[in-house]
Structures are given as structure tokens and as C-alpha cells.
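What shape does this take:
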Amino acid sequence: GSLSAIRYGEGLVRSPVNAIAPAWNTAIYPSLVRANRAGAARSVGTEASLAVRYVLAVLTPLSVLGAALAPLGVDVAYRRGAFDSAAAHSTSLVVVALAPLVTFFVAKTVVTSAHNSYRHGTLLFFAGMLNAVVNLALDVVLGLTLGAAGISLSTSAVTLMNFLFLGWLLARHDRGFE
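Down below sits the predicted model:
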């Protein structure tokens, strides 16, 4: 039951992320690389800061709306056959826990792209490893206490932490990132 709730809930949340993120990356990464060239009008940090503001302004309301409409979305998408009210409820909780991922994941791609433009591959590798370790630890703790929704909440929380950590490092490297 829990694994199915995570799978179905993640499918509802990842669909918009999978539609938005590739297009966003295609647009943002070249602009950050151009900003990294000598003589660019604005720094990578300034460009990334502006991009993060756009992401937060546009996608935060969508994340909130996705969480608010989770029960309706689950009912429309899945509520038939063996997908009973208990399954719909647990899947809705997963969708609520994952809804912030829409915003956090796309915002994280901005700071990741900025670090890529600076060729900070080693930093990104270690940040990814740290991300995996923290995610596993939170999966266990929150999964044991909150079930499937806890594991989903762990994913959203770790993505936010990763974004904040990489953003903090970017701000230390490039004063244009606020």
C-alpha cells in the first residue's frame, strides 16, 4: 500500500516537474554560461538570483494549489476499481508532501546550473552524495513516524536543503547571488 501511494502520488507531482524542468534548463543554463564569460553585463550570481525569483513567484502558487487540490487530483486520476478511499487518502497525503518539490526542484536546477557554469563538478558530486545520505536518514526517520507521506516529505525537505546549501555556496562564490 505505501509503495503504491508513493508511486501514484509521485506520478501526479512529477508530471508538471518533468514538463517544466527540461524547458527551464534549456533556457537558463545558456544564459548562466553567457554571464560567466568575461565582460558580461551581469554576473552568474545575478542571473541565477533573478531566475530563482521567477521560479519562486511562478511555481510556489502552483505548489500550494497542487497541495490544496491533492484529494481532488487523486480522485480524478485514480479513484476507480480497487483504488478505494483509504488508498486515495494515503496517496493524497503523499501528493501534499511532494507538492513543494515542484518549486524546490526547479529552483535547485538554477543554482546547480550556476555551479556547472563555474565548473564546480566536484562540489556538485559531493553535494549529491550528501543529498543521498541525508535523504536516506530522513526516509527512515520520517517513514517510520509518518509512513509513505513521511518518505515523500523527506524528498521535498532534502531537495529544499540541497537548494539552500548550494545557494549558500553560490552566494559565497558570487556576491551577485542573493
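
For the chain, which residues score under the pLDDT cut-off?
38-41 (pLDDT under 70).

Just the buried residues of stretch 139-150, please?
By 16 or more other Cβ atoms under 10 Å, the buried positions in stretch 139-150 come out as 139, 142-143, 147-150. Every residue, glycine included, has its C-beta placed from N, CA and C.

contact partners of it?
The contact list for stretch 139-150 (Cβ atoms under 8 Å, 6 or more residues apart in numbering) reads 1-3, 5-6, 9, 90, 93-94, 96-97, 151, 153-154.

Likewise for stretch 18-33?
Taking Cβ under 8 Å, 6+ apart as the rule, stretch 18-33 contacts 44, 47-48, 51, 55, 59, 102, 105-106, 109-110, 113-114, 116-117.

by contact count, what packs against the strand or helix carrying residue 96?
For residue 96, the element it lies in under DSSP states H and E is helix 85-98. With contacts defined as 3 or more Cβ pairs under 8 Å, 6 or more residues apart in numbering; DSSP states H and E, the packing partners of helix 85-98 are helix 2-36, helix 44-68, helix 70-78, helix 148-173.

and the second one, what does it pack onto?
Put plainly, it is helix 44-68. So helix 44-68, by 3+ Cβ pairs under 8 Å, 6+ apart, packs with helix 2-36, helix 85-98, helix 101-117, helix 148-173.

at 7 Å what do you get?
Contacts defined by 3 or more Cβ pairs under 7 Å, 6 or more residues apart in numbering; DSSP states H and E place helix 44-68 against helix 2-36, helix 101-117.
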